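> With the input below, show me the fold.
(one chain, ligands or ions: 1)
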Amino acid sequence: MQRRQFLATAATALAGCHEAPRTLQGGFAGIDLARGHALRDRLQSGTLPAPGVVRRAQVIVAGGGVAGLAAARSLRLAGIDDFVLLELEDQPGGNSRGGMVEGLACPLGAHYLPVPGNDAREVQDLLEELGLRQRVAGRWQYDERHLCHSPQERLYRDGEWQEGLLPVQGVGAGTLAQYRQFSALVQALGKAARFTMPVLKSLEAKRPLPPTHQALDALVFDDWLTQQGLDDAHLRWYLDYCCRDDYGAGTARVSAWAGIHYFASRHGFLAPGDDAPPGQDGVLTWPEGNGWLTQRLAAPLRAGGQLRTGCSVLRISEGRHGVEVDAYNHTTESVERWQAPRAIVALPVFVAARVVQQAPAFLREAAQRLHWAPWLVANIHIDAPLLDHPGAAPAWDNVLYQDANPGGLGYVNAGHQRLDPRAALTAPTVLSYYQALGDVPQGREQLATQPWTHWAQAALATLGGPHPDLARRATRVEVTRYGHAMSIPTPGTLGFLSKIGLQRPSGIRKQLSNGEQTRWLPTPATARLAFAHADWSGYSVFEEAFTRGHGAGLAVLA
Ligand SMILES: Cc1cc2nc3c(=O)[nH]c(=O)nc-3n(C[C@H](O)[C@H](O)[C@H](O)COP(=O)(O)OP(=O)(O)OC[C@H]3O[C@@H](n4cnc5c(N)ncnc54)[C@H](O)[C@@H]3O)c2cc1C
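Numbers count the residues shown, from 1 in each chain. Purely as a prediction, here's the structure:
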C-alpha cells in the first residue's frame with residue numbers, strides 16, 4: 001500500500017474515534033523576554049551598576065543576528081580580528097536560530113533560504129564558502145542534500161490536500177483567468193522597474209525612486225488589487241497568505257510595492273501551467289532551519305574569541321575620538337564598557353533608537369515610522385507520523401486554507417530532509433507551526449500575557465483538522481515568541497527608507513588585505529556608526545539582513 005493511501009485509510013478509520021489526548025508537556029523557549037524586560041526596568045529605575053571594566057577593540061558589533069554575523073564576517077575577511085560582537089541572547093542568530101525539542105533539531109524562527117538570484121551576490125559568495133554552491137561543468141549547482149526535497153508544499157482545503165499552495169483544485173475558469181491576469185501584471189511591472197532582492201541593489205545614490213515604485217508604494221496592496229479588478233477570493237487568499245508569510249501582515253496592511261516585490265524580485269507569479277525560470281525554483285532548508293547558516297557564521301567568532309553572548313547593549317555613545325558601548329553581562333551581572341574607533345549597530349531599529357545616545361534624525365524617524373509584526377513559532381514534537389486526509393502526500397510545508405488561528409501559516413516538518421525514507425514513515429519528528437500576528441489586534445500584548453498552553457492548544461486544535469490524531473501524538477510543545485519580529489512594509493516605507501544611507505563614504509574603494517576591493521553598498525551611517533539590520537530594508541528576509549550586515553562591514557572598513 002502506498003504511504004499516502006495508508007495514511008488516508010487510517011484517517012478515515014479514525015474519524016469519530018475519541019482517544020484521550022495526553023497531558024501536554026512544554027513551555028516557552030528561545031527568547032528570554034524576562035531578561036529584556038528586567039533590564040528595561042533596571043535602566044528606568046537607574047539601579048544598574050557603573051561599568052566595572054573597560055575594554056578596547058578596533059570595531060564593536062552590537063547584535064548577533066544575521067546582519068551582525070555578516071558584518072563580523074566581512075571584517076574577518078578583510079583581515080580584521082580585533083573586534084567584539086555583543087549579543088543579548090545566550091545563542092547568536094537572532095530570528096534565524098535553531099533549537100532542539102526532545103533531542104530533535106528544529107527552527108526557532110527562519111526556516112529557509114530561496115536559492116539566491118544574482119542581485120544577492122554576497123549571499124551567493126557565502127553559500128559558495130559554505131560548500132553549498134559550486135560550479136560544475138561551467139554551471140552553478142547547489143548541494144542536493146540541502147535543497148528542499150520533494151514534495152515541497154501542499155494545501156489543505158475542503159478536507160483534502162492538494163499539491164502546491166495556490167488553490168487550483170476545483171476552482172472555476174474565472175479564478176484561473178485572474179491568476180493569469182495577475183501573472184501578466186507582475187511581469188509587466190518587473191519590466192517597467194527593477195525589483196531586486198536585496199532591495200538596496202535597486203537604490204542608486206541620490207536618485208529618487210522610479211515612478212513605478214513610487215506609485216506602488218503609495219497605496220495598500222488590497223486597494224491596488226481592487227483597482228485592477230482582481231477580486232477572486234482564491235487569488236486574494238493566496239496573496240494575503242504570501243504577504244503574511246514574508247511580511248508578518250496581510251494585503252490590507254502592506255503596500256502594493258511589497259505585494260508585487262514578493263513575486264517580481266523572485267520568479268514572478270506562477271499561474272497554473274507556468275514554469276519557474278531555470279535555476280530559481282529551489283529553496284535551501286535544514287532541520288534546524290536557517291540556524292544551520294547562523295551557526296556556521298558564528299563558528300569562527302567562537303573560535304577567535306570575538307563572540308560575547310548574554311551581553312545586552314545598554315548605551316552606545318559616539319564621541320569625536322571614538323565610540324563607547326556599555327553592555328550588561330548577564331553571567332557576571334556586571335556592566336562592561338567597550339571603546340573602539342567605530343561600531344556597527346546591528347540591532348532592530350526600535351532598540352537602536354533607545355540605546356544610541358543623541359540618536360541621528362534618520363534613526364529617530366525610522367523608529368517612529370516603522371511598524372513591527374509579532375510572531376510565534378510552536379514546535380510540536382510528535383512520537384510517530386500523523387494520520388492524514390486524502391490527497392497530496394505529506395510535504396515539507398503544509399498550509400491550511402482555513403486556519404482557525406488568526407495569522408496561522410501552517411507547519412514545516414523538521415524531519416523532511418532526512419535521507420532515510422523509512423524514518424519518514426516511523427520516526428518521531430517536530431512540526432514547526434508558524435503564526436504571524438501583524439494583523440491581530442493586541443497581538444503583542446497577547447504574546448506577552450497568554451500562557452504557553454494557550455498558543456500550544458490553539459496550534460494543536462487547528463492542525464487537528466487535517467490530522468485527527470495530533471493531540472494523541474504530540475508529546476511536547478515549545479513556543480517561541482517574537483514581540484517585534486519584523487518590520488511591515490506599509491505604504492510609504494520604501495520611499496522613506498530609500499532616502500537613508502545613500503551617501504557614498506569617501507575612500508570606499510579600499511584595497512583589502514586579501515587583494516579584493518570593497519564595493520559600496522548603501523548603508524545608513526554616521527561618522528563612526530554604521531547601521532545594519534533587515535529593518536533598514538522595511539521587510540525581513542535573510543538576503544536583506546545579510547547584505548546590510550556585509551555593507552556595514554565595508555562602510556566601517558572604508
Ligand atoms: C518567526 C520568523 C520566521 C522567519 N522565517 C524566515 C525564513 O524562513 N526565511 C528568511 O529569509 N527570513 C525569515 N525570517 C526573517 C528573519 O528575521 C531574517 O531572515 C533575519 O534573521 C533577520 O536578521 P537581522 O540580523 O536583521 O535581525 P535580528 O534577527 O532581529 O537580529 C538582531 C539581534 O540583535 C540582538 N539584540 C537585540 N537587542 C540587543 C541588545 N540590547 N544588545 C545586544 N543584542 C541585542 C537580538 O537578540 C538579535 O540576535 C523570519 C523571521 C521570524 C521572526
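
> Is any residue of stretch 80-95 near the ligand?
Yes. In this structure, stretch 80-95 sits against the ligand according to CB under 6 Å from any ligand atom; the contacting residues are 86-89, 94-95. Just so you know, the C-beta spots here come from the backbone N, C-alpha and C atoms, and that holds for glycine as well.

> all strands for the stretch 101-250 of the chain, in order.
With DSSP state E, counting those that start in this stretch applied, the stretch 101-250 of the chain shows strands at 104-107, 112-114, 133-136, 139-142, 153-157, 160-163, listed in chain order.

> Tell me who's in contact with residue 185.
228, 260 (CB atoms under 8 Å, 6 or more residues apart in numbering).

> quick one: which of the residues of stretch 80-95 next to the ligand is most hemmed in?
Neighbour counts for these (other CB atoms under 10 Å) peak at residue 94, which has 30 neighbours.

> Which pLDDT value goes with the closest residue in space to that residue that isn't next to it in sequence?
Closest residue in space to residue 94, ignoring its immediate chain neighbours: residue 65 at 2.5 Å, by CB to CB, 6 or more residues apart in numbering. Residue 65 carries a pLDDT value of 98.

> can I assume residue 65 is in contact with residue 546?
No. At 9.9 Å, residue 65 does not count as touching residue 546 under the criterion of CB atoms under 8 Å.

> For the stretch 401-550 of the chain, which residues are neighbours of the ligand?
When proximity is defined as CB under 6 Å from any ligand atom, the stretch 401-550 of the chain approaches the ligand at 482, 485-486, 533-534, 540-542, 545.

> Over to the stretch 1-150 of the chain?
For the stretch 1-150 of the chain, the residues found near the ligand under the criterion CB under 6 Å from any ligand atom are 62-68, 86-89, 94-96, 109-113.

> hang on, the earlier thing: hmm, which two among the residues of the stretch 401-550 of the chain next to the ligand are most spread apart?
Set against one another by CB to CB, those have their most distant pair in 482 and 542, with a gap of 15.6 Å.

> which of the two has more neighbours?
Neighbours of residue 482 and residue 542, each counted by other CB under 10 Å, are more numerous for residue 542; the result is 27 against 24.

> Could you pull up the contacting residues of that one?
Under the criterion of CB under 8 Å, 6+ apart, the contact list for residue 542 reads 66, 96, 110, 113, 123, 290, 293.

> Please compute how far the helix or strand hosting residue 327 lies from its chain's middle.
Residue 327 is part of strand 323-329 when elements are defined by DSSP states H and E. Offset of strand 323-329 from its chain centre (CA atoms, centre = their mean, to the nearest Å): 27 Å.

> which one is residue 29 nearest to, not counting chain neighbours?
Closest residue in space to residue 29, ignoring its immediate chain neighbours: residue 478 at 4.0 Å, by CB to CB, 6+ apart.

> To what extent is the one you found buried, counted in neighbours?
Other residues near residue 478 come to 25 when the count uses other CB under 10 Å.

> follow-up on the earlier one: give me the helices and strands touching the strand holding residue 327, please.
Of the remaining helices and strands, those touching strand 323-329 by 3 or more CB pairs under 8 Å, 6 or more residues apart in numbering; DSSP states H and E are strand 59-62, strand 311-318, strand 334-340, strand 342-345.

> Tell me the strands beside it, with direction?
strand 311-318 (antiparallel), strand 334-340 (antiparallel) (DSSP bridges).

> Please see if the first one touches the ligand.
Yes. Strand 311-318 is in contact with the ligand by CB under 6 Å from any ligand atom, via 312-313.

> try the last one
No. Contact of strand 334-340 with the ligand is not found when judged by CB under 6 Å from any ligand atom; the minimum separation is 11.8 Å.

> What's the mean pLDDT across that strand?
When the per-residue pLDDT values of strand 334-340 are averaged, the result is 96.

> what residues are up against the closest residue to the ligand within the stretch 301-450 of the chain?
Taking CB to the nearest ligand atom, the ligand has its nearest neighbour within the stretch 301-450 of the chain at residue 313, 3.5 Å off. Residue 313 is in contact with 62-63, 86, 88, 325-327, 347, 355, counting by CB under 8 Å, 6+ apart.

> tell me the most buried of the strands paired with strand 323-329?
Mean neighbour counts were compared across these using mean count of other CB atoms under 10 Å; the top stretch is strand 311-318, at a mean of 21.

> How far off centre is that strand?
Per CA atoms, centre = their mean, the displacement of strand 311-318 from the mean C-alpha position of its chain is 25 Å.

> Over to stretch 479-496?
For stretch 479-496 - counting by CA atoms, centre = their mean - the centre lies 11 Å from the chain centre.

> what residues are up against residue 484?
348, 350, 372, 374, 444.

> just checking, the second one touches residue 364?
It stands for residue 350. No. Using CB under 8 Å, residue 350 is not in contact with residue 364; the gap is 10.9 Å.

> How many neighbouring residues does the nearest residue to residue 268 once chain neighbours are set aside have?
Spatial nearest neighbour of residue 268, chain neighbours left out: residue 186 (5.4 Å); criterion: CB to CB, 6+ apart. Using other CB under 10 Å as the criterion, residue 186 is surrounded by 22 other residues.

> now residue 45
Applying other CB under 10 Å, I find that residue 45 has 8 neighbouring residues.

> Now do it against the ligand, distance only.
Distance check for residue 45 against the ligand: by CB to the nearest ligand atom, to the nearest Å, it reads 17 Å.

> ok, back up a step: mind listing which of the residues of the stretch 401-550 of the chain next to the ligand are in strands?
Judged by DSSP state E, these include 482, 485-486 as members of strands.
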